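Enquirer: structure, please.
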Amino acid sequence: MRVRHTAAACTAAVLSLTLAACGGGDDTASPVPSEEVQEFPADSTMAQFADAGKIKVGTKFDQPLFGLKGLSGDPEGFDVEVAKLVAGKLGIEEDGIEFIESISKNRQDFLKNGTVDFIVATYTINAERDTEVDFAGPVVVAGQGILVKEGNPEGIEAAEDLNGKTVCSQEGSTSAKNITSMFPEATLKLLGGYAECADAMRDGTDGIVAVSTDDLILAGIAANNEGDFEVLDATFTEEPYGIGLPEGQEDFCEFVNEVIADAYENGELQKIFDETIGAVVERELEQPEPYGCDT
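Expert: Below you'll find the predicted structure:
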């Protein structure tokens, strides 16, 4: 991961929660014009959403760069813009999207009980989750990394150095499970969010000396707390972020995969990335192999 260290204007934009400013003001991605929306079979999931003209989307509200409550009171970031892209291809305007806060521990339940129609929330695809919900994507691939205090006072150089140290992660996350399974001699502290973990590390609470989750998430936290933290060059997993769907909607899964593929091909997804996560991380995206839509 190449982290931007000199983009002061963009970092300031992150700090003020107006990520779009780094992309040239009003150039952020928005739903496609209605004339570009295709016709859907009458009995399809897509037709149901299109006819309703509204959709409920789960995302995070406390995740810098991905889904963070902005000054307007609405979430802003990469996941939010991807959700708008999918909704736009259904012909749903932005005012027809209801964003519902979905944290790691309630995402599956929200999909199963109908609280949301789909979820875009740094949602790692894995086999365990696939037994309860379905996934389109991946949209982008991250890697689990390590956040430490600025200057790395504990001298953590590699992931193995987490053994014997107290590490914070989020309850219900893949990241927490990875720490437990891969570094059994580490002491794992679970909190409600990664920002809480970072605050606890800053304060020295419970001896926490590192926070571990996906590198792109950690980059956002570091940018939002300039001078307090740094992200180590020590990723140790691959985390494919998918779009979570209720089980049994294979037609909608295939539709979302088509939207993602088209967005890679025409550059829309790179544009969304550059105007959000690109405020602090430079990356040329390459489309991951689709996970598959078998129900």
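
Enquirer: start and end of stretch 62-71, how far apart?
Expert: This stretch, stretch 62-71, spans 13 Å end to end (Cα to Cα, to the nearest Å).

Enquirer: ok now it, how far from the chain's centre?
Expert: 10 Å (Cα atoms, centre = their mean, to the nearest Å).

Enquirer: same thing with stretch 111-120?
Expert: Mean-position distance between stretch 111-120 and its chain equals 16 Å (Cα atoms, centre = their mean).

Enquirer: again with stretch 190-209
Expert: 20 Å.

Enquirer: report the buried residues of that stretch.
Expert: 191, 193-201, 208-209 (16 or more other Cβ atoms under 10 Å). Yep, even glycine has a C-beta here, placed from its N, CA and C like the rest.

Enquirer: mind listing which of those are in strands?
Expert: 191, 208-209 (DSSP state E).

Enquirer: low-confidence ranges in the chain?
Expert: Scanning the chain for pLDDT under 70 picks out 1-37, 295.

Enquirer: the residue nearest to residue 137 when sequence neighbours are not counted: neighbour count?
Expert: Of all residues not flanking residue 137 in the chain, residue 242 sits nearest, at 3.7 Å (Cβ to Cβ, 6 or more residues apart in numbering). Neighbour count for residue 242, taken as other Cβ atoms under 10 Å: 27.

Enquirer: also residue 187?
Expert: Number of residues near residue 187 (other Cβ under 10 Å) recorded here: 17.

Enquirer: I figured it hits residue 168, correct?
Expert: No. Contact criterion Cβ atoms under 8 Å: residue 187 and residue 168 do not qualify, at 9.7 Å.

Enquirer: still on that earlier bit, what strands line up against the helix or strand where the residue nearest to residue 137 lies, and which way round?
Expert: Secondary structure from DSSP states H and E places residue 242 in strand 239-245. As defined by DSSP bridges, the strand partners of strand 239-245 come to strand 118-124 (antiparallel), strand 134-142 (antiparallel).

Enquirer: one step back: any chance of CSV for the ones in strands among the buried residues of stretch 190-209, columns distance to residue 222?
Expert: Shown next, in CSV, are those (distance: Cβ to Cβ, whole Å):
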residue, distance to residue 222
191, 17
208, 16
209, 16
